[in-house]
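> need a 3D model of the following:
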Amino acid sequence: MTMLHMSGVRKTYSTGVVEVEALRGIDLDVDAGDYLAIMGPSGSGKSTLMHIIGCLDVPTAGTYALDGTDVSQMSEKQLAEIRNRKIGFVFQQFNLLPSLTALRNVELPLVYAGVPAAQRRERAMLALDKVGLAQRVQHRPGELSGGQQQRVSVARALVTDPALILADEPTGNLDSHSTKEILELFEELNDAGRTIVIITHEPDVGERARHLVHIYDGLLREHTPIAATGGRR
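Model (predicted):
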């Protein structure tokens, strides 16, 4: 099954009289259960591509289907519903609320979805256990290491049981040890059947994925099967 399908995706931004074409015709397919890394330098279009994959923006032209649903021309309200139901986000800055415990931070997406309190707690506890933080559920972000905070954000992404985990520079604020732990966690989740797309500028991170796409000047240049060449360690 195809989880993510893009055909001829273009994105143009207008700045006064000047138009900037950030994406210039992206064709991309990601199968369910795949693990894709998107790499590119600053200004290459990778952030724009991430926004479209994450239903934070829509293409100027072309089509994008997520988990069988065409989201190319959806309204902001419709996009918000898709994001809440189908995508779990992991960010470089963790985006945890400092006043809340790990458990409460992970529960938040379920609060917004109207899930009853008892069910929220159960699902949040299961998600934190899955990322190895069952003993840290009552700790606040300031009481956790950077790697542990990122694990909380991964648990928060998992708690809604999304079709896709989308990670934007998830190791950008981590030391080498924490980076290794988070990448091993992504690999475990992928081995369990999760579809993962990771945006990164770090070659060592990109090469841990099963497939690697390079983007330059709004175009995909390479699509390398990493696992087949021994990239996963």
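
> every contact and neighbour count from this point should use C-alpha atoms.
OK.

> and the strands in the chain?
In the chain, the segments counted as strands under DSSP state E are 2-15, 18-31, 35-39, 61-66, 69-70, 87-91, 164-168, 195-200, 211-216, 219-225.

> name every strand pairing with the second one and say which way it goes.
The one in question is strand 18-31. Strand 18-31 sits in its sheet next to strand 2-15 (antiparallel), going by DSSP bridges.

> mind showing which ranges of the protein have poor pLDDT?
223-233 (pLDDT under 70).

> mind checking which of the strands of the chain is nearest Gly45?
Closest approach to Gly45 among the strands of the chain (Cα to Cα): strand 18-31, 5.4 Å.

> list the buried residues of the closest one.
Buried residues in strand 18-31, counted by 16 or more other Cα atoms under 10 Å: 21-27, 30.

> and the residue nearest to the spatial centre of the chain, what does it touch?
Centroid-nearest residue in the chain, with Cα atoms, centre = their mean: Leu166, separated by 1.1 Å. Leu166 makes contacts with 54, 87-90, 196-199, as judged by Cα atoms under 8 Å, 6 or more residues apart in numbering.

> if we go to 6 Å?
Residues near Leu166 by Cα atoms under 6 Å, 6 or more residues apart in numbering: 89, 197-198.

> with Ala127 instead?
For Ala127, the contact set (Cα under 6 Å, 6+ apart) comprises 155, 159.

> for Ile198, see how far away the residue nearest to the centre of the chain is.
6 Å (Cα to Cα, to the nearest Å).

> same question, Asp70
21 Å.

> neighbour count winner among those two?
Per other Cα atoms under 10 Å, whichever of Asp70 and Ile198 has more neighbours is Ile198, with 22 against 14.

> I'd guessed the more buried one sits against Ala37; true?
Yes. With contact defined as Cα atoms under 6 Å, Ile198 counts as touching Ala37 (4.8 Å).
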